[in-house]
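# have a look; sequence and predicted model below, questions after that.
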Amino acid sequence: MDNKEIRELTATELNEKIVELKREKLNLKIQSRTGQLEKTARVRQVRRDIARCMTEAAVRAKAEVK
């Protein structure tokens, strides 16, 4: 997911996406611990997607305050 796609999401969709990505991160962590994880790079990608979404949410919240 790139920044352009994230910016196009509404606030509600953005929050849902963050929750969904955190859930996926947990599942990947469990798979990693049990030795079932095949695509190890996906963990890093999910972490970065969460950070991108949270950054966009913070930018929007800061813009609302002004």
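That came through, no problem.
# please make it C-alpha for all contacts and neighbour counts, starting now.
OK.
# next one: stretch 49-66 to chain centre, how far?
Centroid separation between stretch 49-66 and its chain, computed with CA atoms, centre = their mean, to the nearest Å, is 12 Å.
# what residues sit buried inside that stretch?
Using 16 or more other CA atoms under 10 Å as the test for burial, stretch 49-66 gives Asp49, Ile50, Arg52, Cys53, Met54, Glu56, Ala57.
# run through who's touching it.
Contact with stretch 49-66 is made by Met1, Asp2, Asn3, Ile6, Arg7, Ala11, Leu14, Asn15, Lys17, Ile18, Leu21, Lys22, as judged by CA atoms under 8 Å, 6 or more residues apart in numbering.
# ok, 10 Å please
1-3, 6-7, 9-11, 14-15, 17-22, 25, 43, 45-46, 48 (CA atoms under 10 Å, 6 or more residues apart in numbering).
# sorry, back to before: biggest separation within the buried residues of stretch 49-66, which pair?
Asp49 and Ala57 (12.3 Å; CA to CA).
# mind listing what's buried in stretch 24-34?
Going by neighbour count (16+ other CA under 10 Å), the buried part of stretch 24-34 is Glu24, Lys25, Leu28, Lys29.
# do you know how far the residue most central in space within the chain is from Val59?
The geometric centre of the chain, computed from its C-alpha atoms, lies nearest to Ile50 (CA atoms, centre = their mean), at 2.4 Å. Separation of Ile50 from Val59 (CA to CA, to the nearest Å): 14 Å.
# next: Arg7.
Distance from Arg7 to Val59, by CA to CA: 10 Å.
# please apply the same query to Thr40.
Counting by CA to CA - Thr40 and Val59 are separated by 30 Å.
# give the contact list for the closest residue in space to Lys29 that isn't next to it in sequence.
Closest residue to Lys29 apart from its sequence neighbours, by CA to CA, 6 or more residues apart in numbering: Val43 at 7.7 Å. With contacts defined as CA under 10 Å, 6+ apart, Val43 is in contact with Glu24, Lys25, Leu26, Asn27, Leu28, Lys29, Ser32, Leu37, Asp49.
# possible to save these as JSON lines with distance to Glu64 and secondary structure?
As requested, those are exported to JSON lines (distance: CA to CA, whole Å; DSSP: H, G, I helix; E, B strand; the rest coil):
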{"residue": "Glu24", "distance to Glu64": "29", "secondary structure": "helix"}
{"residue": "Lys25", "distance to Glu64": "29", "secondary structure": "helix"}
{"residue": "Leu26", "distance to Glu64": "31", "secondary structure": "helix"}
{"residue": "Asn27", "distance to Glu64": "34", "secondary structure": "helix"}
{"residue": "Leu28", "distance to Glu64": "34", "secondary structure": "helix"}
{"residue": "Lys29", "distance to Glu64": "35", "secondary structure": "helix"}
{"residue": "Ser32", "distance to Glu64": "39", "secondary structure": "helix"}
{"residue": "Leu37", "distance to Glu64": "40", "secondary structure": "coil"}
{"residue": "Asp49", "distance to Glu64": "23", "secondary structure": "helix"}
